[in-house]
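Visitor: Generate coordinates for the sequence data below:
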Amino acid sequence: MLRTTLISLVLSGTISAHTAAWAKGMYCRGGADPHEDNPNTRLVVEPLYNLTKEDWWFQHDRGCDALPPPANEFLELPANGEFTVELAHNRAFTTLSYGGKKATHWPDGGVHPENWDGWGKNEGSCLIEDGALHTYNESNAAGSAFAISYHSDIKDVTLENLAVFTTLYHTPWKRLATYQVPNLPACPPEGCTCAWLWVPDGCGQPNMYMQGFKCKVTGATSIVPVAKAQPPVYCAGEPSKCVKGAKQMIAWNQLIGNNIRTTGWGVTPNYNQKCGWSNGPQRDIFEKRPASSPQPRTTLHTISKPTTTAVPTPASGGGYGHHVG
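Guide: Just a heads-up that it's a prediction; the model follows:
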């Protein structure tokens, strides 16, 4: 299956360009050949559509799950801070290739106006200059996300232990994208496993993106674990139906392994309020620790010796030992 998929990617028109997150710690940065560091690769940017879970999971269809970054290279996630990646259609259009000479403010390496907009300018209104962004304009960009699993071995990562920890509305759009990090605890010594995630909102094939990273939380002070992730629910216009707390990635429009359902033409789940994600760090993803029950109060009794008149005096001392749990 892997060989067949790789050949189809090369021969099909879909190889033209899409989008991925480029940064240290990414899987498949150098392309399909582990012995070659290809500065012009775009293998990692190809979308996932109508595949078995075995194939779409961490881009197994093209072998990316078996091409980790160099040892001790991580995408660093500052707890309560932020990190920046480059969203581009090809490694060539990032600072990871050619000394950044082909990189611009935009994912395609081109130059575009700040108010770049395809709305009403062509049939379908999608950007004809860069269909790989799957949008009309910045406001229509669906939003992307990162998820984290506290398992160092990618083979041990599951939907349940891979929780979305940050989202960034209106992306992909420009090349540089900065994501905020909640109060994540430290990773194991061998690091965590992360994924960059995106589901476009129209303007092309209704597919999804899942891309692997070796990652590490820096400056961690919390020891509260991330909770077990629950499947998201499409809840646009019905916030009471949104899943609260830690949520799984969106697995959608695949042959096997979907975890969310939508009904109606053109209804797309995205990493935004339509599936219960606020913009920015997800601060509700941690295990809920029950408050400690207050300890019983202990009354200390002190007996004073009677005076010579045999008249008892009030207790000379008394109080409570008080512990707040």
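
Visitor: all strands of the stretch 101-250 of the chain, in order?
Guide: Ranges of strands in the stretch 101-250 of the chain, per DSSP state E, counting those that start in this stretch, are 144-149, 163-168, 176-180, 192-198, 209-218.

Visitor: Could you pull up the mean pLDDT of the second one?
Guide: Averaged across strand 163-168, pLDDT comes to 99.

Visitor: Residue 54: which of the strands of the stretch 101-250 of the chain is closest?
Guide: The closest of the strands of the stretch 101-250 of the chain to residue 54 is strand 209-218. By C-beta to C-beta, the value is 13.0 Å. All C-beta atoms are positioned from the backbone trio N, CA, C, and that covers glycine.

Visitor: possible to save the strands of the stretch 101-250 of the chain as CSV with mean neighbour count and distance to residue 55?
Guide: Below are these laid out as CSV (neighbours: other C-beta atoms under 10 Å; distance: least, C-beta to C-beta, whole Å):
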stretch, mean neighbour count, distance to residue 55
strand 144-149, 26, 19
strand 163-168, 24, 22
strand 176-180, 17, 27
strand 192-198, 25, 15
strand 209-218, 23, 11
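
Visitor: out of those strands, nearest to residue 111?
Guide: Checking the strands of the stretch 101-250 of the chain against residue 111 by C-beta to C-beta gives strand 176-180 as the closest, at 15.2 Å.

Visitor: Show me what the residue nearest the centre of the chain bridges to in the sheet.
Guide: When C-alpha atoms, centre = their mean is applied to the chain, the residue found nearest the centroid is residue 146 (1.5 Å). Per DSSP bridges, the residues bridged to residue 146 are residue 166, residue 196.

Visitor: okay, residue 132: pLDDT?
Guide: pLDDT, residue 132: 79.

Visitor: What distance do you get for it to residue 102?
Guide: For residue 132, the distance to residue 102 equals 16 Å [C-beta to C-beta, to the nearest Å].

Visitor: out of these two, which sits in the busier spot?
Guide: Between residue 132 and residue 102, residue 132 has the larger neighbour count (other C-beta atoms under 10 Å), namely 22 against 17.

Visitor: mind checking how far that one is from residue 93?
Guide: Plainly put, residue 132 is 11 Å away from residue 93 if you go by C-beta to C-beta.

Visitor: shared neighbours of the two, which are they?
Guide: 107, 108 (C-beta atoms under 8 Å, 6 or more residues apart in numbering).

Visitor: so where's this structure shaky on pLDDT?
Guide: Across the chain, the ranges flagged by pLDDT under 70 are 1-17, 120-125, 131, 291-325.

Visitor: can you give me the helices in this protein?
Guide: Secondary structure of the chain (DSSP state H): helices located at 2-11, 53-56.

Visitor: just so I know, which of the strands of the stretch 101-250 of the chain lies nearest residue 44?
Guide: Among those, the nearest to residue 44 by C-beta to C-beta is strand 209-218 (6.0 Å).

Visitor: Who are the contact partners of the residue nearest to the centre of the chain?
Guide: Residue 146 neighbours (C-beta under 8 Å, 6+ apart): 164, 165, 166, 179, 194, 195, 196, 197.
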